[in-house]
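Trainee: no letters, just coordinates:
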């Protein structure tokens, strides 16, 4: 923002969008944690509960790193070529949704292990 203050609003939007989508993976982890807490104690210590935690945790870790790199790349691209920021933001949102689907897959696997 220091080199191009005109883009500070765009960078703020990109940062908030990136944080919001990365945070959704943590929310998926919270959902699974609450599901595990609500289980019968004998079931909660089973391999299914451990597998569910690993599934949503590994998916969340990968998605968080991927989305962070994607947003950082989009910000760098917009800084280099502000004339096409609309196209870059469009593709960024599309690719963020595709990356987020991996976290949703982890959530679905975790829920099916617990169900």
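Mentor: Received the coordinates, thanks. Fair warning: this is a prediction, and the values are worked out from it, not measured in the lab. Numbering: from 1, shown residues only.

Trainee: tell me where the chain has helices.
Mentor: With DSSP state H as the criterion, the chain has helices at 8-37, 41-44, 47-80, 85-114.

Trainee: least reliable of those helices going by mean pLDDT?
Mentor: By mean pLDDT, the lowest-scoring of the helices of the chain turns out to be helix 41-44, with a mean of 70.

Trainee: rewinding a little: now tabulate the helices of the chain in CSV and tack on mean neighbour count.
Mentor: Just so you know, the C-beta spots here come from the backbone N, C-alpha and C atoms, and that holds for glycine as well. Formatted as CSV, those follow (neighbours: other Cβ atoms under 10 Å):
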stretch, mean neighbour count
helix 8-37, 15
helix 41-44, 10
helix 47-80, 17
helix 85-114, 17
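
Trainee: ok, residues contacting stretch 23-31?
Mentor: Residues from elsewhere that reach stretch 23-31, judged by Cβ atoms under 8 Å, 6 or more residues apart in numbering: 56, 57, 59, 60, 63, 64, 100, 103, 104, 106, 107, 110.
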